[in-house]
Each structure stands twice: as structure tokens, then as C-alpha cells.
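1. The following comprises the amino acid sequence and a computationally predicted model.
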Amino acid sequence: MTEGAQKVSDDALNAGSLVREFALSDSIPVHQVTYALEQARLSLSLMMQVRNRLLEGYQQLMNMQL
């Protein structure tokens, strides 16, 4: 779980640095920036879905009667 969160963070930082460099120097192709942004968005979306599923499972366990 921690490795996955680190990967999402790395993707977001990479996308941010590419956007910054694209805005300042225009030396990076726009498709590379777009790809990095989409990859970061998808990573975050997947992490949120996994988190939601884990929370749902935990809540179901807590609501079970013994």
C-alpha cells in the first residue's frame, strides 16, 4: 500500500515538473506532458478506488454481528 502511494506521488511530481518545464522553455513535446498528466490522474483515481474498497470492507466487518 505504501509503495502504491509513493508511486502516485512520484507520478504527480513528474507531471508537475514536466508542466513547469513545458511552460518555461517549451523544449518538451506537448504529448509527453499530456501523457504524464493523464498517467498521474489515472494513478490517483486507482488509488482512491482501492482505498474506497478497503474502507467498504472494513465497514462491513465492523457491522457484522457476532
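-> Yep, it's here. Numbering: from 1, shown residues only.
2. In space, what's closest to the residue positioned nearest the centre of the chain - neighbours in sequence excluded?
-> With distances taken as C-alpha atoms, centre = their mean, the residue of the chain nearest its centroid is L44 (2.3 Å). Nearest residue to L44 in three dimensions, chain neighbours excluded: V8, at 5.6 Å (C-beta to C-beta, 6 or more residues apart in numbering). Quick note: C-beta positions are derived from backbone N, CA and C, even for glycine.
3. What is the neighbour count of V19?
-> A count of nearby residues for V19, using other C-beta atoms under 10 Å, gives 15.
4. Could you do the one 5 residues further on as well?
-> Burial of L24, expressed as a neighbour count using other C-beta under 10 Å, amounts to 9.
5. Now do the phi/psi pair for it.
-> phi -90, psi -40 (degrees, to the nearest 10).
6. Could you report the separation of it from Q39?
-> 21 Å (C-beta to C-beta, to the nearest Å).
7. ok, now L55?
-> Distance of L55 to Q39, given as C-beta to C-beta: 25 Å.
8. May I ask which helix or strand encompasses R20?
-> Following DSSP states H and E, one finds R20 within helix 2-25.
9. how far out from the middle of the chain is that helix?
-> With C-alpha atoms, centre = their mean, to the nearest Å as the basis, helix 2-25 stands 10 Å off its chain's centre.
10. Which SSE is immediately downstream of that helix?
-> Taking DSSP H and E, what comes next after helix 2-25 is helix 30-63.
11. Just the angle for that next one relative to helix 2-25, thanks.
-> 150 degrees (axes from the mean of the first three to the mean of the last three C-alpha atoms, to 10 degrees).
12. What is the neighbour count of V33?
-> If you count neighbours by other C-beta under 10 Å, V33 ends up with 17.
13. I'd like to know how far it sits from D26.
-> For V33 relative to D26 (C-beta to C-beta), the value is 10 Å.
14. Keeping just the C-alphas, turn stretch 13-21 into PDB.
-> Coordinates of each C-alpha in stretch 13-21 appear next as PDB, following Å, rounded to 0.1, in the frame of the first residue of the first chain:
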ATOM      1  CA  LEU A  13       5.700  15.200  -9.100                       C
ATOM      2  CA  ASN A  14       6.900  14.000 -12.500                       C
ATOM      3  CA  ALA A  15       3.800  15.500 -14.200                       C
ATOM      4  CA  GLY A  16       4.300  18.800 -12.300                       C
ATOM      5  CA  SER A  17       7.900  19.100 -13.300                       C
ATOM      6  CA  LEU A  18       7.100  18.400 -17.000                       C
ATOM      7  CA  VAL A  19       4.400  21.000 -17.000                       C
ATOM      8  CA  ARG A  20       6.700  23.500 -15.400                       C
ATOM      9  CA  GLU A  21       9.400  22.900 -17.900                       C
END
